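*Asks:* I need the structure of the sequence given here:
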Amino acid sequence: TIMTVPLIGWTPKARREDHPYDCGFKVSKYGAQDSTDYWDPDCGNGWHNGVQLTGNNPTDTSVAITSSFVTAWINHLKGNYGTAANGGVMFYNLDNEPMLWNSTHYDVHPNPVTYDEMRDKTYAYAAAIKAADSSAQTLGPVEWGWCAYFYSAADGCYPGADRAAHGNMDFVPWYLQQMKAYEQAHGVRILDYLDLHVYPQVDGVYSDSLGSAAVQSARLRSTRQLWDASYVHEGWIDQPVYLIPRMEDWAANYYPGTKLAITEYNWGALGYMNGALAQADILGIFGREGLDLATLWGTPDDFNAPGIFAFRMYRNYDGAGSAFGDTSVQSSSADQSQLAVYAAKRSASGTLTLMVINKTASTITSDLALSGFQAVDTAQVYRYSSANLGAIVKQADQAVTSSGF
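*Replies:* Purely as a prediction, here's the structure:
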């Protein structure tokens, strides 16, 4: 389990079981609004004539809390399931996308988050988690995307006064610097994982729909933003992202020993072969680039969707638990836009496993060279393809020489 704990200073009241629900902006209390809940017309959206309402009472929906609320919560979890070290909850997200609070939670947090608020609330709540369960792992700042990597919500998506007041440092490096300072001052590491969210941010790609041929091509290309410093983002970001190497550099430079997590990502179309190819490519990238933890946001309802088979190809390709190796091996493709290749050894047996992903719309043939590995005469081959979207199919064995096949 990755448990999200609130840092915002509020938690919802106990839910009422039937209408009328508690809601942040009742029409009867705050006046006419631009839209209301279909099922409860007294619940407005908090906007009137395109202007956000202010001055509401947060206690209409919520109860103010401090870090003691999280302490009690973790003590409850420990009492039921044990500490993290003994099979209990291992991971705690330090809230979720806090740089969006002033839009997603503006009934209780109308003001945009600043650098200092993020530091101070992380200090209070992360320290409470560690005090309650020292074996638990914490993940932060759990930010939504590109702008929040560099700027506070107070500055938006461009350099502003908040950034200037903090030495013009990008937000994430500054945050890591502050977490390191806490450990130096108190002798306790309160941040274990640098955790950022990423979505393709290219029109049409993050969607349950397959999309046009152009969108399908962009879906397969745009995985490069996870690692390739030469790839210029094709959407509004319009510059190189190279997210995982960037995260590695930030951690190494500002808080060594911090692990890396991406607890929200989704490249879309998981119900289609195109989405499965992108997902298989992403898993290969995560392994090759040394990401420590990742969680897909929004798994398909159909557990036999093509996107799920991308996971099975790595985790259980033969139905008997055989998996991609646990020790990454150097691999490269002459043209990764057509053919992506990932390699790993199983540390227990020395078996070499290769993941070869055809990202084109047709059958292609390529030489694959091996070096530094003593191959046997044949290799087993398992294939997932549009020829049979319902199963991974064992193929004929592949003849192998010491130089490849």
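*Asks:* what about the stretch 101-250 of the chain, any weak spots by pLDDT?
*Replies:* Across the stretch 101-250 of the chain, nothing is flagged by pLDDT under 70.
*Asks:* now do the helices in it.
*Replies:* Assigned by DSSP state H, counting those that start in this stretch, the stretch 101-250 of the chain shows helices spanning 101-104, 115-132, 146-150, 161-164, 171-186, 213-221, 243-254.
*Asks:* would you format those helices as CSV with distance to Asn316 included?
*Replies:* C-betas here are computed from N, CA, C, even on glycine. Below are the helices of the stretch 101-250 of the chain laid out as CSV (distance: least, C-beta to C-beta, whole Å):
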stretch, distance to Asn316
helix 101-104, 37
helix 115-132, 33
helix 146-150, 34
helix 161-164, 46
helix 171-186, 35
helix 213-221, 24
helix 243-254, 25
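*Asks:* with mean neighbour count as extra columns, can I get those in a markdown table?
*Replies:* Listed next are those as a markdown table, based on neighbours: other C-beta atoms under 10 Å:
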| stretch | mean neighbour count |
| --- | --- |
| helix 101-104 | 16 |
| helix 115-132 | 20 |
| helix 146-150 | 21 |
| helix 161-164 | 16 |
| helix 171-186 | 18 |
| helix 213-221 | 18 |
| helix 243-254 | 18 |
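*Asks:* tell me which of those sits nearest to Ala85.
*Replies:* The closest of the helices of the stretch 101-250 of the chain to Ala85 is helix 115-132. By C-beta to C-beta, the value is 12.7 Å.
*Asks:* okay, Asp18: pLDDT?
*Replies:* Per-residue pLDDT puts Asp18 at 68.
*Asks:* ditto for Gly290
*Replies:* For Gly290, the predicted pLDDT is 95.
*Asks:* returning to what we had before: among the helices of the stretch 101-250 of the chain, which is nearest Ser347?
*Replies:* Across those, closest to Ser347 is helix 243-254 (C-beta to C-beta), at 22.4 Å.
*Asks:* and the next element down the chain from that closest one?
*Replies:* strand 259-262 (DSSP states H and E).
*Asks:* tell me what angle the helix or strand following that next one forms with helix 213-221.
*Replies:* Using DSSP H and E, the next helix or strand after strand 259-262 towards the C-terminus is helix 273-289. With axes from the mean of the first three to the mean of the last three C-alpha atoms, to 10 degrees defining the directions, helix 273-289 sits at 20 degrees from helix 213-221.
*Asks:* list the helices and strands helix 273-289 packs on?
*Replies:* helix 213-221, helix 243-254, helix 306-315, strand 339-345, strand 352-358 (3 or more C-beta pairs under 8 Å, 6 or more residues apart in numbering; DSSP states H and E).
*Asks:* list the contacts of the third one.
*Replies:* The list of residues contacting helix 306-315 from outside it, by C-beta atoms under 8 Å, 6 or more residues apart in numbering, reads 269-273, 275-277, 279-280, 283, 299-300, 302, 323-324, 355, 382, 384, 389, 392.
*Asks:* ok and that helix relative to strand 339-345, angle-wise?
*Replies:* Using the same axes, to 10 degrees, helix 306-315 lies at 40 degrees relative to strand 339-345.
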